[in-house]
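**Q** give the three-dimensional model of this entry:
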Amino acid sequence: QVQLVESGGGLVQGGGSLRLSCAASGRTFSSYVMGWFRQAPGKEREFVATISRSGGSPYYADSVKGRFTISRDNAKNMVWLQMNSLKPEDTGVYYCAATTFIAALIKPDTSNFGSWGQGTQVTVSS
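**A** Numbering: from 1, shown residues only. Next comes the predicted model:
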C-alpha cells in the first residue's frame, strides 16, 4: 500500500484560492489512480476529483468543475488540488486517496479507494 500525507489546508476568504498537496511514499506511485475527497461536519465523505495513473483524464464532481484542478507528477510522487473561487460550502476536511482499481477514475466511490491520508482542514469564510 501507498502512504499519503496531505498539506496546504487553511482558512481563506470566499473567492480565494488554496493549493493542496499530497505526498505519496513507495516506488509504484504511477500504478495508482489518485483522488481527492472531502468531508464537511455532519456529512458523509464525498468525491471531489480523480486523476488517471498517467496524469490525464481528470474527473470532477459537478460542484467543483471549472474551479478546481487536480494534477500529479509521478517523478515526484505528488498530487495537487488547485482550488480557486472558493465558496463557504467548500469547507471541510480534504483527503487524498489512492487505488489500483482503474475504474475508480470514473466510479469514485470511497469504497473503491484503499489508501487514505490523514486529511487537511479547509475553511472558507463568507
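**Q** and the residue with the largest distance to the centre of the chain, how far is that from S31?
**A** For the chain, the C-alpha farthest from the mean C-alpha position belongs to S126; by CA atoms, centre = their mean, that distance is 22.7 Å. Going from S126 to S31 by CB to CB, to the nearest Å gives 41 Å. C-beta: built from backbone N, CA, C; applies to glycine.
**Q** what secondary structure does the most centrally placed residue in the chain sit in?
**A** Computing the C-alpha centroid of the chain and ranking residues by CA atoms, centre = their mean puts W36 first, at 1.9 Å. Here W36 is recorded as strand under DSSP: H, G, I helix; E, B strand; the rest coil.
**Q** give the bridge partners for it, please.
**A** Beta-bridge partners of W36, counted by DSSP bridges, are A49, C96.
**Q** begin at 28 from here
**A** Done: numbering now begins at 28, and the last item shifts to W63.
**Q** and the spatially closest residue to A124 that is not a sequence neighbour, how far is that from Y59?
**A** Nearest non-adjacent residue to A124, counting by CB to CB, 6 or more residues apart in numbering: F140, 3.9 Å away. Separation of F140 from Y59 (CB to CB): 9 Å.
**Q** what about those two, which has more around it?
**A** Shown here are F140 and Y59; by other CB atoms under 10 Å, Y59 has more neighbours (29 against 23).
**Q** is it true that the more buried one touches A124?
**A** No. Between Y59 and A124 there is no contact under CB atoms under 8 Å: 9.2 Å.
**Q** related to what we said a few turns ago, now for the residue nearest to A124: which residues touch it?
**A** G62, F64, A124, A125, T126, F128, A131 (CB atoms under 8 Å, 6 or more residues apart in numbering).
**Q** picking up where we left off before, residues touching the residue farthest from the centre of the chain, list them.
**A** G41, P115 are the contacts of S153 under CB under 8 Å, 6+ apart.
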